[in-house]
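# Got a sequence here, can you build the structure:
(one chain, ligands or ions: 1)
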Amino acid sequence: MIMYDFPPFRPPSEASSYLIRVIRGCNWNRCKFCRMYKSIKFQLRSKEEIMRDIDEMHKFFPPSNTAFLGDSDPLIHPDICEIIAYLKKRYPEIKRITAYARAKSIAEMPEDKLEMLKDVGLTRIHMGLESGNNEILELVKKGVTDEGLIKAGKKVVKFFELTYYVMVGLGGIEKSIEHVRDTAKVINSVKPTFVRIRTLTIFPNTPMAHLKDKITPLNAYQQLDELQMLIEKINVPTYFTCDHVFNYLFTKDGIIFTGVDGFIPDEKDRMLSELESARKMIKSLERTGIQVFTCNQMYNMGLISL
Ligand code: SF4
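Take a look at the predicted model:
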């Protein structure tokens, strides 16, 4: 029987992509907010196993012209260029090939390796920025500084599309201003193709749960404030999107806000006005005694599972 090794996570934007597991787990695995690969032992898969999966993947996925490489940092695989070249050769209809990558790994990667990855067919990199503030990055053990994030980001945009994942609320109420200010600085100096928002949700059994005295989670208004400040401060062209349930706001009866999405600068004013409308909606719900909760609050009250 053929066994296909599926990556356990992929970005929502890769929902229709072929998923190819190049490594297992995360070679860093220390970010305090992250629970993705905590129980998985880091391993490089053999080139032969990966190529066998590539041969068989059309049996496990509907036809697609996009592919995603997992798990957390697959471009560090020593045979990655050969693997991507093989993928393109077997499925020439694939037009977009994307991968997660750690900023630290990309910052240390020679540019000619990135050029080779582009030449064989890699088109987009998904990278966790989280915050541009060094105190926050240190506190959550991201393992990279603002300089490393900028260095990595600038290298990526020379060759590929770049998605930066930003974690609204990562500095808590305590460092909200600095978090937004320094994150916008990194975005403005790198000019990523996409900025995707993931608001902090604190999971029990992650080290983040022990930082509650240093990082107080945002309430619904504070979450909207951070989004507003961030959008206002981004002054380079990019697509800004809240494409994840972590950004939703809820009453106990259901979802009332799913975030904002649009191109900056063209749709900046529209997004800001949607945030203002969301604020007014919360106020009017509260006047009738209905409370509004963040995803983090809903999850920690046991009202949703994630
Ligand atoms: S956020 Fe990324 S780099 Fe950090 S532990 Fe999770 S998968 Fe690894």
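
# Enumerate the residues of the stretch 101-250 of the chain near the ligand.
If contact is defined as C-beta under 6 Å from any ligand atom, the residues of the stretch 101-250 of the chain in contact with the ligand are 102, 128. Using the backbone N, CA and C atoms, a C-beta is placed for each residue, glycine as well.

# so how many other residues sit close to residue 4?
Neighbouring residues of residue 4 were enumerated by other C-beta atoms under 10 Å; the total is 14.

# Quick check: pLDDT value at the nearest residue to it once chain neighbours are set aside.
With C-beta to C-beta, 6 or more residues apart in numbering as the measure, residue 60 is the residue that lies nearest to residue 4, at 5.0 Å, once sequence neighbours are left out. Looking at residue 60, its pLDDT reads 95.

# Could you do residue 305 as well?
Confidence for residue 305, expressed as pLDDT, is 88.

# Surely it touches residue 299?
Yes - under the contact definition of C-beta atoms under 8 Å, residue 305 touches residue 299, with a separation of 7.5 Å.

# and the two? which has more neighbours close in?
Here residue 305 and residue 299 are set side by side on neighbour count (other C-beta under 10 Å), and the busier one is residue 299, at 19 against 6.

# Make sure that one is indeed in a helix.
Yes - Residue 299 forms part of a helix when assessed by DSSP: H, G, I helix; E, B strand; the rest coil.

# thinking residue 26 is in contact with residue 73, fair?
Yes - counting by C-beta under 8 Å, residue 26 touches residue 73, with 6.7 Å between them.

# intersection of neighbour lists for the two?
Between them, residue 26 and residue 73 share no neighbouring residue, with contact defined by C-beta atoms under 8 Å, 6 or more residues apart in numbering.

# Looking at those two, which has the bigger crowd around it?
Set side by side, residue 26 and residue 73 show more neighbours around residue 73, with 24 against 19, by other C-beta under 10 Å.

# Next up, the contacts around whatever residue of the stretch 151-300 of the chain ends up closest to the ligand.
Among all residues of the stretch 151-300 of the chain, residue 165 sits closest to the ligand, at 8.6 Å; criterion: C-beta to the nearest ligand atom. Residue 165 makes contact with 126, 127, 128, 129, 130, 196, 197, 198 under the criterion C-beta under 8 Å, 6+ apart.

# any chance of those residues in JSON lines, plus neighbour count?
Below are the contacts of residue 165 laid out as JSON lines (neighbours: other C-beta atoms under 10 Å):
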{"residue": "126", "neighbour count": "23"}
{"residue": "127", "neighbour count": "23"}
{"residue": "128", "neighbour count": "22"}
{"residue": "129", "neighbour count": "27"}
{"residue": "130", "neighbour count": "26"}
{"residue": "196", "neighbour count": "22"}
{"residue": "197", "neighbour count": "25"}
{"residue": "198", "neighbour count": "21"}
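
# after the top helix by length along the chain, next one along is what?
Here the longest helix in the chain is taken by residue count, with DSSP state H as the criterion, and it is helix 268-287. Sequence order places strand 293-294 as the next helix or strand after helix 268-287, per DSSP states H and E.

# helices or strands next to that following strand in the packing?
helix 220-233, strand 249-251 (3 or more C-beta pairs under 8 Å, 6 or more residues apart in numbering; DSSP states H and E).

# Any idea how many residues pack against residue 209?
For residue 209, the tally of surrounding residues (other C-beta under 10 Å) stands at 13.

# how about the helices in the protein?
Under the criterion DSSP H, the chain carries helices at the ranges 47-56, 80-90, 103-108, 111-120, 134-139, 146-159, 176-190, 220-233, 268-287, 295-300.

# Go through the fifth one and flag the buried ones.
It stands for helix 134-139. Neighbour-count burial for helix 134-139, with 16 or more other C-beta atoms under 10 Å as criterion, is recorded at 134, 136, 137, 139.

# Format the residues you listed as CSV; extra columns: distance to residue 4.
Supplementary listing: the buried residues of helix 134-139 in CSV, determined by distance: C-beta to C-beta, whole Å:
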residue, distance to residue 4
134, 41
136, 38
137, 36
139, 39
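
# residues making contact with stretch 3-10?
In this structure, residues lying in contact with stretch 3-10 by C-beta under 8 Å, 6+ apart are 17, 19-21, 24, 36-37, 40, 45, 49, 53, 56-57, 59-60, 68-71.

# That one close to the ligand?
No - judged by C-beta under 6 Å from any ligand atom, stretch 3-10 stays clear of the ligand, getting no closer than 8.2 Å.

# what mean pLDDT would you report for that stretch?
Rounded mean pLDDT across stretch 3-10 is 94.
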